[in-house]
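Trainee: 3D, please:
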Amino acid sequence: MSEEYSDYGSDFITITAEDGTQYELEELFTFEFMDRSFTAFLPADIDENDPRYGLLLLEEFAEEDGTRSFEQIDDDDIDAVYEEYMRIIVNYEDDEVDQSEA
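Mentor: Residues are numbered from 1 along each chain as shown. Presented below is the predicted three-dimensional model:
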C-alpha cells in the first residue's frame, strides 16, 4: 500500500491511499533505522476514545519529483521498528526530565 503526500499544515498531512480513501494525520517525527526512514503519526480525524485511534508507523520514501510517499512496514520488520520508536521516546523523555532537574 502506498500513499500520496500532500501538505496540510506544519504538523498535519492528508494522505490518500491507493483506494482513494483520505486520512488526516498528525506527523510526530521521522527517524532513521535499518538504513530506512520511518515516520510516526497519530490520526487527526478520529476521536482519542475511538478504538481505531492509535499510533501509526509508516515507512517513508522520497519520490523522484521530491514528494514523500509512505508504505506500510513489512510484517517482518514492524516489531523492530516499534521497539526503536519506543527507545527514542523513552530516551527523549529521560532527557526532558534531566533538563528540568538541572
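
Trainee: SS state for the residue nearest the centre of the chain?
Mentor: Centroid-nearest residue in the chain, with CA atoms, centre = their mean: residue 40, separated by 1.9 Å. Three-state assignment for residue 40 (DSSP: H, G, I helix; E, B strand; the rest coil): strand.

Trainee: do the same with residue 23
Mentor: Classified using three-state DSSP, residue 23 is strand.

Trainee: how far away is it from residue 55?
Mentor: Distance of residue 23 to residue 55, given as CB to CB, to the nearest Å: 14 Å. No exception for glycine: its C-beta is placed from N, CA and C like everyone else's.

Trainee: what sits against the closest residue to the residue nearest to the centre of the chain other than its chain neighbours?
Mentor: Spatial nearest neighbour of residue 40, excluding adjacent residues (CB to CB, 6 or more residues apart in numbering): residue 28 at 4.2 Å. Counting by CB atoms under 8 Å, 6 or more residues apart in numbering, residue 28 touches 39, 40, 41, 42.

Trainee: picking up where we left off before, with neighbour numbers in mind, choose between residue 23 and residue 55.
Mentor: residue 23 (16 against 12; other CB atoms under 10 Å).

Trainee: quick one: residues contacting the more buried one.
Mentor: Counting by CB under 8 Å, 6+ apart, residue 23 has contacts 3, 14, 15, 16, 17, 43, 45.

Trainee: out of those residues, who's nearest residue 77?
Mentor: residue 3 (17.8 Å; CB to CB).
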